[in-house]
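In: next comes the sequence, and after it the predicted model I'd like to discuss.
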Amino acid sequence: MSQRSPLANPVVRHAVGATGAIAVVAVAYLFLDGTVQLAAYAIAALDLVVTPQILKRAATG
C-alpha cells in the first residue's frame, strides 16, 4: 500500500496557510501599530494565499 503525503489533502494545505496567517494577524494586532501593523496584515494575506500553492507543489514532487 502506498502512503500519500498529508500535503496531498487540500484541507491540510489551506489549514497550514490559515494557521500561519492567524498567528501573524494576532501578533500584529496585539503588539504592532501603524504602518508596521498594516505590513504585517499584508504578509498574513500573502501567507494565506501563497502557502497552499507552495505546499501543493511540494506534495506533487
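Out: That came through, no problem.

In: can you read off the pLDDT for the nearest residue to Val36 once chain neighbours are set aside?
Out: Counting by C-beta to C-beta, 6 or more residues apart in numbering, Ala28 is the residue found nearest to Val36 once chain neighbours are left out, at 7.9 Å. C-beta coordinates here come from the backbone N, C-alpha and C atoms, glycine included. The model reports Ala28 with a pLDDT of 98.

In: name the helices or strands packed onto the host helix or strand of Ala28?
Out: Using DSSP states H and E, the element containing Ala28 is helix 10-31. With contacts taken as 3 or more C-beta pairs under 8 Å, 6 or more residues apart in numbering; DSSP states H and E, helix 10-31 sits against helix 34-60.

In: got the buried residues for the helix it packs on?
Out: Neighbour counts over helix 34-60 (16 or more other C-beta atoms under 10 Å) mark Gln37, Ala40, Tyr41, Ala44, Asp47, Leu48, Thr51, Pro52, Leu55, Ala59 as buried.

In: next, name the residue at the spatial heart of this protein.
Out: Residue closest to the mean C-alpha point of the chain, counted by C-alpha atoms, centre = their mean, is Gly17 at 2.1 Å.

In: correct me, but it touches Thr51?
Out: Yes: with contact defined as C-beta atoms under 8 Å, Gly17 counts as touching Thr51 (3.5 Å).

In: re the thing from before, got the angle between the helix holding Ala28 and helix 34-60?
Out: Interaxial angle, helix 10-31 versus helix 34-60 (axes from the mean of the first three to the mean of the last three C-alpha atoms, to 10 degrees): 160 degrees.

In: how far away from the center of its chain is helix 10-31?
Out: With C-alpha atoms, centre = their mean, to the nearest Å as the basis, helix 10-31 stands 6 Å off its chain's centre.

In: for that helix, buried residues please.
Out: Of the residues in helix 10-31, those buried (16+ other C-beta under 10 Å) are Arg13, Val16, Gly17, Ala21, Val24, Val25, Ala28.
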